[in-house]
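*Asks:* Got a sequence here, can you model it:
(2 chains, ligands or ions: 1)
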Amino acid sequence: MLQKIKNEIVESQIFKSVFRHGYPDNDLDRAYAIFSSVFLHIHPVKVRRSALRMRYTFCLGGITLFLFIILAVTGIWLMFYYTPYTGLAYRNIKDLQFVIFGGNLMRDLHRFAAHGMVLFVWLHMTRVFLTGAYKAPREFNWVVGVVLLVNTLVLSWTGYLLPWDQLAYWAVTVGAKMASYTPLIGQNGPWGPQLGFLPTNDIMFMLLGGTVVGQNALIRFYVLHCVVLPLVVTVFLAVHFWRIRKDGFSGPL
Amino acid sequence: MDEKVTREIFPRDSRKSYGLVELMKKTAPIVKKEPEDTVYVWPNLLMIEIICAILVTVGLMVLIQFEHAPLRSLADPSTTPNPMRAPWYFLGLQELLVYFDPWYAGVVLPGMIIVGLMLFPYLDVNPKGVGYYTYSERKFAVFNYSFGFAIWWITIIIGTYLRGLDWQWYWPWSNHLEHMNPALVTLVPLHLIFVNWFHVSEGVGKLFGDIIFIGYFALGTIIPMIVWKPMYKAMGLWRYLTFSFFFLSMMGVALKIVLRLLFNIKYVLVTPWINI
Ligand code: HEM
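*Replies:* The predicted structure is shown next:
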C-alpha cells in the first residue's frame, strides 16, 4: 500500500519535473539526488568513510553555517517589524517583546544564534588549526576563513546597535571611538590631526555619518547589518565551500 | 605517477582543448583506493547534517527558555553607564585598553591579529600533521595558536568578571557598588623608574626604554636565528623575519600585561608621537 503510494508519487509527472530522478534508494539515484540539486550539489556524491568521523570536524563548520541560516531566517522575520529610526527602533523592539506574536521567540533565537555563531566560528577555526587543515594546498581557504571570522564579528557588532537601548548605544559608542584613534586617518590617532583629520572628516565620522552615534549611524549600521555584510558573508561562504571541494577535504586517509 | 613526471608527459597547453578529466596527484583521495573506502553522501552525510541541525535547534530552544535577549532602557546620550562594556567578544580588546594606548589596543593590534592569522599558513613550513590531531609533530605551531587564543579568552574573562566601576579590578567578592580609590595605583612610565634608580636625566631614561624596546625585538629575532639554525634555514629570511615580528609582538602583549599588573609600568617606549 505505502509502496504503491510512493511509486505513484515518484513516477508522477510533477515529481519527475522537479527531481528528474527516482527515490534515492539505489546508488544511481543517490548520486543523482546530490548532483542534480542546486542545494545538495555542494557535496560530493561520495565521501571517504573516515571523513564522516564526528571526532574529526565535530561538525563545527556545519553548525556555524546552520546558525548563519537561522540568523538569516529570523533576521528577515524581524525586519518586518523594525524601523531604523531613532524615534521608533526601541519601541519596535518593545513591541516584539510584549505585543507581537512570536516576537520574543524570534528575537531570542536571533540573539543567541548570533552569540553561537561567534563562538562556533572560533571553535571551527581551532579545529582547522589543530588538524593542520590550513596547510598547502588549503592556505587560501584559511585566508577566506579569516575574512569570514572578521565579518561574523562585525555583523554581530552592527546588529548590537539596532535595539537602540543603553547597551546598544554605549557599546557602539566605545567601539566607534576606537576608530577615531586610527593612526594617520583618525582625529585622535598618531599623526591624524597633523594630516588634517578633524572630528568632521576622519574615519570615525565616515563610520557614523556624524560626530556622535545618531540617526545617520543607525541607518548605516542597519544597511550594513541587514544587507551588505550578509551578502559579503554569503559570497565568501560560496568561495569557502567551492575551495573545500576543489582542494579536497583534509580528513584522515 | 609523480606530479612532475605527469606535467612532463602531458604539458599544460592553452592551445589544446581539455575535457573534464583532471590529472590527479597520486595522493588524491579516490586514486588507488578500494571502492569500499567511500560511502554515498545520501544518506550517510546528509543524515549527520540533519541530526546536527536538529541538535542545534533543540539546544537553542532550551537555552531561550532560561535566558532572554536583553533590552535596557532607551538610549540616552547624557547618561553614561559605568562600567561601559563592549559586547563580550570584544571585551578582550577592551581589556587591552588598560595596557596600551587606544591607537594600539583598538586599531593596530586587532589589525595585526587579522593579518597574522591570515599569514599563518604561509609562515608555517612544517608539512607534517595535516588531517589529524597531533601535538608532538608540530609543537611550536600549536603553542603559538594556543598562546594567542589563551590571551584572547583570558582577557575576555577578566573583562567580563573582574572589571567593575571605572574599569577597575574587582574580585567577585568585592563590593561592586563602591568606587575604588584610583590613587591607590600610580602608573609610571618605565623611564621615570630609571631616572629614580640611576639618577639620570629624563632623556637618558627614555633612551634606556627605547633600547630595551628595540633590543627586545632585535635580540628576539637574532638569537633564535643562531640557536635554532635548522628552523631558520627551513623558513628563509623573509618568512622568518615576518614570523618573528608577529611572534615577538604577541609575546610583547603578554609581557606588557605582566609589567602593568605587577609593576604598574605604563609605557616602555616613550616618543613624542607614540608611547607603547
Ligand atoms: C562563517 C563562518 C564559517 C563557516 C560557515 C564555515 C564552514 C565550513 C564548513 C561547513 C567546512 C567543512 C568541514 C567542517 O565542517 O569542519 C569548512 C572547512 C574549512 N574551514 Fe570553514 N567556515 C567558516 C569560517 C572559517 C574560518 C574562520 C576559518 C579559518 C580561519 C575556516 C577555515 C576552513 C578550512 C581551511 C576548511 C577546510 C578544512 C579541511 O579540509 O579539513 N573557516 N568550513
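
*Asks:* mind listing the strands for chain B?
*Replies:* Per DSSP state E, chain B has strands spanning B:38-40. These are given in chain order.

*Asks:* what does chain A give?
*Replies:* A:46-48.

*Asks:* most centrally placed residue in it?
*Replies:* Nearest to the mean C-alpha position of chain A, by CA atoms, centre = their mean, lies A:F68 at 4.3 Å.

*Asks:* any idea how far it is from the ligand?
*Replies:* A:F68 sits 6 Å away from the ligand, going by CB to the nearest ligand atom, to the nearest Å. The C-beta positions use only the backbone N, C-alpha and C, and glycine is treated the same way.

*Asks:* Contacts only, for that residue.
*Replies:* Applying CB atoms under 8 Å, 6 or more residues apart in numbering or on different chains to A:F68 gives the contacts A:117, A:233, A:237.

*Asks:* which ones among the residues you listed are found in helices?
*Replies:* Judged by DSSP state H, the contacts of A:F68 include A:117, A:233, A:237 as members of helices.

*Asks:* Count the residues that sit near the second one.
*Replies:* The number of residues packed near A:V233 is 21, by other CB atoms under 10 Å in any protein chain shown.

*Asks:* so what's it closest to, chain neighbours aside?
*Replies:* Closest residue to A:V233 apart from its sequence neighbours, by CB to CB, 6 or more residues apart in numbering or on different chains: A:N151 at 5.0 Å.

*Asks:* Let me see the contact set for the one you found.
*Replies:* A:229, A:232-233, A:236.

*Asks:* Which among the residues you listed count as buried?
*Replies:* Buried subset of these (neighbour count, 16 or more other CB atoms under 10 Å in any protein chain shown): A:229, A:232-233.

*Asks:* Could you dump the residues you listed into JSON lines with distance to the ligand and pLDDT added?
*Replies:* As requested, the buried ones among the contacts of A:N151 are exported to JSON lines (distance: CB to the nearest ligand atom, whole Å; pLDDT from 0 to 100):
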{"residue": "A:L229", "distance to the ligand": "11", "pLDDT": "97"}
{"residue": "A:V232", "distance to the ligand": "11", "pLDDT": "97"}
{"residue": "A:V233", "distance to the ligand": "6", "pLDDT": "97"}
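
*Asks:* Which parts of the chain are helices?
*Replies:* Defaulting to chain A. A:2-11, A:13-19, A:27-35, A:54-57, A:60-79, A:89-98, A:103-130, A:139-161, A:166-179, A:203-208, A:215-223, A:229-247.

*Asks:* wrong chain, I was asking about chain B
*Replies:* For chain B, applying DSSP H gives helices covering B:3-9, B:41-66, B:91-96, B:102, B:109-123, B:139-161, B:190-198, B:202-227, B:229-235, B:237-263.

*Asks:* Mean neighbour count, distance to the ligand and mean pLDDT for these - can I get that in a markdown table?
*Replies:* Output for the helices of chain B, formatted as a markdown table (neighbours: other CB atoms under 10 Å in any protein chain shown; distance: least, CB to the nearest ligand atom, whole Å; pLDDT from 0 to 100):
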| stretch | mean neighbour count | distance to the ligand | mean pLDDT |
| --- | --- | --- | --- |
| helix B:3-9 | 11 | 20 | 71 |
| helix B:41-66 | 15 | 9 | 89 |
| helix B:91-96 | 22 | 17 | 92 |
| helix B:102 | 19 | 26 | 90 |
| helix B:109-123 | 18 | 6 | 96 |
| helix B:139-161 | 16 | 11 | 94 |
| helix B:190-198 | 16 | 36 | 83 |
| helix B:202-227 | 14 | 26 | 90 |
| helix B:229-235 | 13 | 21 | 88 |
| helix B:237-263 | 16 | 15 | 92 |
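
*Asks:* Among the ones you listed, single out whichever gets nearest to A:V174.
*Replies:* helix B:91-96 (6.9 Å; CB to CB).

*Asks:* So which elements touch the closest one?
*Replies:* helix B:109-123, helix B:139-161 (3 or more CB pairs under 8 Å, 6 or more residues apart in numbering or on different chains; DSSP states H and E).

*Asks:* low pLDDT regions in chain A?
*Replies:* The model of chain A has pLDDT under 70 over residues A:50-51, A:54, A:252-253.

*Asks:* The ligand contacts on that one?
*Replies:* A:57, A:59-62, A:64-65, A:68, A:121, A:124-125, A:128, A:133-134, A:138, A:141-142, A:145-146, A:148-149, A:152, A:237, A:240, A:244, A:249-250 (CB under 6 Å from any ligand atom).

*Asks:* List only buried entries from these.
*Replies:* Buried subset of these (neighbour count, 16+ other CB under 10 Å): A:57, A:59-62, A:64-65, A:68, A:121, A:124-125, A:128, A:133-134, A:138, A:141-142, A:145-146, A:148-149, A:152, A:237, A:240, A:244, A:249-250.

*Asks:* ok, now which ones touch residue 158?
*Replies:* I went with chain A, as the question did not name one. A:221, A:224-225, A:229.

*Asks:* Oops, wrong one, chain B.
*Replies:* B:E95.

*Asks:* That one and B:Y170: what is the separation?
*Replies:* Applying CB to CB, to the nearest Å, the value for B:I158 to B:Y170 is 11 Å.

*Asks:* So which residues on the stretch 101-250 of chain B come close to chain A?
*Replies:* Counting by CB under 8 Å from any CB of the partner chain, the stretch 101-250 of chain B comes close to chain A at B:101-103, B:106-108, B:114, B:117-118, B:120-122, B:124, B:127-134, B:138, B:142, B:145, B:149.

*Asks:* Grab the nearest non-local neighbour of A:T83.
*Replies:* Using CB to CB, 6+ apart and skipping the chain neighbours, the partner closest in space to A:T83 is A:N92 (5.7 Å).

*Asks:* my guess is A:G145 meets A:V239, correct?
*Replies:* No. With contact defined as CB atoms under 8 Å, A:G145 does not reach A:V239; the gap is 10.1 Å.

*Asks:* Report the set of residues contacting both of the two.
*Replies:* Common neighbours of A:G145 and A:V239 are not found (criterion: CB under 8 Å, 6+ apart).
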